[in-house]
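> this one's sequence-less:
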């Protein structure tokens, strides 16, 4: 039995599952199970897609975001790549059973992974016109040709105020990617095909304030107010064309790595740490300055943070960091105190922000590489973390983003729709987690589930739908065809 995964990065369950104008998604929902899907902490593209594929939490992968501390020095941050992930993934387990995979756009997907089949790199690929971004390597030129010249992995400069250009670029990228995927699925042998459309993430970040009337920066009557819903309809049509290429022995999963929500603003975490006395500078900057460019007095600093959609807070521990100030005997007490202070942060009106603070050892089964000492979701991700300093002493809340225009943050819950022959799931499914996806697909396909996988199969112990009688076979085929599930 084949497995087809259509990944929609950042798909929001309220939009994907709650829209009546997505007929192909609706048909898949009617043919199987669906629901909200709890992502990992943090709910970030890297590592979330690989957490799904491996059924491993971020700590066990040793990847806590796009950037990770390379060691316990103060200035070495490494960018996660495909080589950062060493745990067995779905395509690895299927290769052990002699099955062939086609993987397109799964982050982190560069350098290209050497799999039993075909790999096409993700948006982290530097330049598809120059770099080898496929395995086998000679497929790079072929994929470029299939895309009409150069295969687009992302919209460079998507944090822009030129919204008309951005919208057109995202749609164009997506159409070309889906066309390549359908060519590969109809011309190459495969047992497992996994594609991630990154355009949905980009359309959310670029257009959420036009879409959401409750957004703090909502622009009513904008010509871009339908851009997000138009993109969902575009994806539904692409999914419909893709389903036409399948037979009735294919497991189909439409899934997102996390959800989306309105971004109320940025919380200047390092400004706050300075005023709290935890972070000390030799000199306060005259303008907003990235943390890496600050002159930090490490001999008097207890904690600092890296910004992003969430905050990673690190402690300056004696014997661990080069100029550690916290005695090891004081670390647990100090961290609990800092956690409580972060949880008590307030919004611009002085009301509780609703900040969530996590200790990595309480989240993850293993802690590999260099984990943060605390993980912080300001306002439960209603506010992103601003790592820069220089907005003015006592200024913690800002509307501008230190990485460019952005309307949206990630949300903890994504979505999934799963349909397969004789699948025991039907209707809305509650309690599903991102880590449950890999074991569920392997069980449905009749494959072994590696004991290292941390999730549970959503179909374990459920009675499978009975195989069709010969007399009923045509009836079932007609039903699936009517649902748009088979050609």
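Happy to help now that I have it. This structure is a prediction, so every number in the text was calculated from the model and none was measured.

> tell me which strands the one helix or strand residue 196 maps to pairs with, and in which orientation.
For residue 196, the host element (DSSP states H and E) is strand 192-197. Within its sheet, strand 192-197 is paired with strand 2-8 (parallel), strand 101-104 (parallel), according to DSSP bridges.

> also compute the angle for the helix or strand following that strand relative to strand 2-8, please.
Downstream of strand 192-197, the next assigned helix or strand under DSSP H and E is helix 199-211. Calculated by axes from the mean of the first three to the mean of the last three CA atoms, to 10 degrees, helix 199-211 forms an angle of 30 degrees with strand 2-8.

> what's the next helix or strand after helix 199-211 packed up against?
Scanning forward in sequence from helix 199-211 by DSSP H and E, the next helix or strand is helix 227-243. When contacts are defined as 3 or more CB pairs under 8 Å, 6 or more residues apart in numbering; DSSP states H and E, helix 227-243 packs onto strand 2-8, helix 13-16, helix 23-31, helix 163-187, helix 199-211. Using the backbone N, CA and C atoms, a C-beta is placed for each residue, glycine as well.

> can you mark which positions in helix 227-243 are buried?
Judged by neighbour count using 16 or more other CB atoms under 10 Å, the buried positions of helix 227-243 are 227-232, 234-236, 238-240, 242-243.

> what pairs with whatever helix or strand comes next after that helix, parallel or antiparallel?
Beyond helix 227-243 on the C-terminal side, the first helix or strand identified by DSSP H and E is strand 250-255. Applying DSSP bridges to the sheet, strand 250-255 is found paired with strand 2-8 (parallel), strand 413-419 (antiparallel).

> give me the angle between the first one and helix 23-31.
Looking back up the chat, that one is strand 2-8. Put simply, strand 2-8 runs at 130 degrees to helix 23-31, going by the same axes, to 10 degrees.

> what mean pLDDT does strand 2-8 have?
Across strand 2-8, the average pLDDT comes to 98.

> okay, now residue 277: neighbour count?
For residue 277, the tally of surrounding residues (other CB atoms under 10 Å) stands at 11.

> give me every residue that touches it.
Residues near residue 277 by CB atoms under 8 Å, 6 or more residues apart in numbering: residue 302.

> before we move on, back to that, flag every buried residue along the strand holding residue 196.
192-197.

> buried deepest among the helices and strands packed on helix 227-243, which one?
Most buried of those by mean neighbour count (mean count of other CB atoms under 10 Å) is helix 199-211; its value is a mean of 25.

> centre of the chain to that one, how far?
Between the centre of helix 199-211 and the centre of its chain there are 15 Å (CA atoms, centre = their mean, to the nearest Å).

> tell me which element residue 305 falls in.
Using DSSP H and E, residue 305 maps to strand 303-306.

> which secondary structure elements does that strand contact?
In terms of contacts (3+ CB pairs under 8 Å, 6+ apart), strand 303-306 is packed against helix 269-276, strand 311-315.

> about what we covered before: which among the strands paired with strand 250-255 is found nearest to residue 137?
With CB to CB as the measure, strand 2-8 is the member of the strands paired with strand 250-255 nearest residue 137 (24.1 Å).

> what's that closest one in contact with?
Here strand 2-8 makes contact (CB under 8 Å, 6+ apart) with 16, 49, 90, 94, 105-106, 185, 190-197, 200, 235, 239, 242, 246, 249-257, 441, 444-445.

> which parts of the stretch 1-150 of the chain are strands?
Applying DSSP state E, counting those that start in this stretch to the stretch 1-150 of the chain gives strands spanning 2-8, 33-38, 67-69, 77-79, 101-104, 117-120, 134-135.

> would CSV of these with distance to residue 110 be doable?
Below are the strands of the stretch 1-150 of the chain laid out as CSV (distance: least, CB to CB, whole Å):
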stretch, distance to residue 110
strand 2-8, 16
strand 33-38, 26
strand 67-69, 15
strand 77-79, 10
strand 101-104, 12
strand 117-120, 10
strand 134-135, 10
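
> does residue 365 sit in a helix, a strand or a coil?
Using DSSP: H, G, I helix; E, B strand; the rest coil, the structure places residue 365 in coil.

> ignore what I typed, I meant residue 261.
Applying three-state DSSP: residue 261 is strand.

> next, count neighbours for it.
By other CB under 10 Å, 22 other residues sit near residue 261.

> do residue 462 as well
Other residues near residue 462 come to 13 when the count uses other CB under 10 Å.

> how about residue 109?
27.

> what do you get for residue 309?
Quick note: residue 309 (other CB under 10 Å) scores 24 neighbours.

> phi, psi of residue 383?
Residue 383 adopts backbone torsions of phi -120, psi 140, taken as degrees, to the nearest 10.

> residue 269 is in contact with that one, correct?
No: here residue 383 does not reach residue 269: they are 9.8 Å apart, not a contact under CB atoms under 8 Å.

> circling back: nearest to residue 157, of the buried residues of strand 192-197?
Residue 157 lies nearest to residue 197 out of these, by CB to CB, at 19.0 Å.

> show me where the stretch 301-450 of the chain has strands.
303-306, 311-315, 356-358, 374-377, 383-386, 397-398, 408-411, 413-419, 427-428.

> need the ones you listed in JSON lines (columns: mean pLDDT).
Output for those, formatted as JSON lines (pLDDT from 0 to 100):
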{"stretch": "strand 303-306", "mean pLDDT": "97"}
{"stretch": "strand 311-315", "mean pLDDT": "98"}
{"stretch": "strand 356-358", "mean pLDDT": "98"}
{"stretch": "strand 374-377", "mean pLDDT": "98"}
{"stretch": "strand 383-386", "mean pLDDT": "96"}
{"stretch": "strand 397-398", "mean pLDDT": "96"}
{"stretch": "strand 408-411", "mean pLDDT": "96"}
{"stretch": "strand 413-419", "mean pLDDT": "98"}
{"stretch": "strand 427-428", "mean pLDDT": "96"}
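
> which residues touch the strand holding residue 305?
Defining contact as CB under 8 Å, 6+ apart, one finds that strand 303-306 is touched by 67, 77, 269-270, 273, 278-279, 291, 296, 311-316, 338, 373, 376, 385, 387.

> now a PyMOL select for only the buried ones of those.
Buried members of those, defined by 16+ other CB under 10 Å, are picked up in PyMOL with:
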select buried, resi 269+270+273+278+279+291+296+311+312+313+314+315+316+338+373+376+385+387
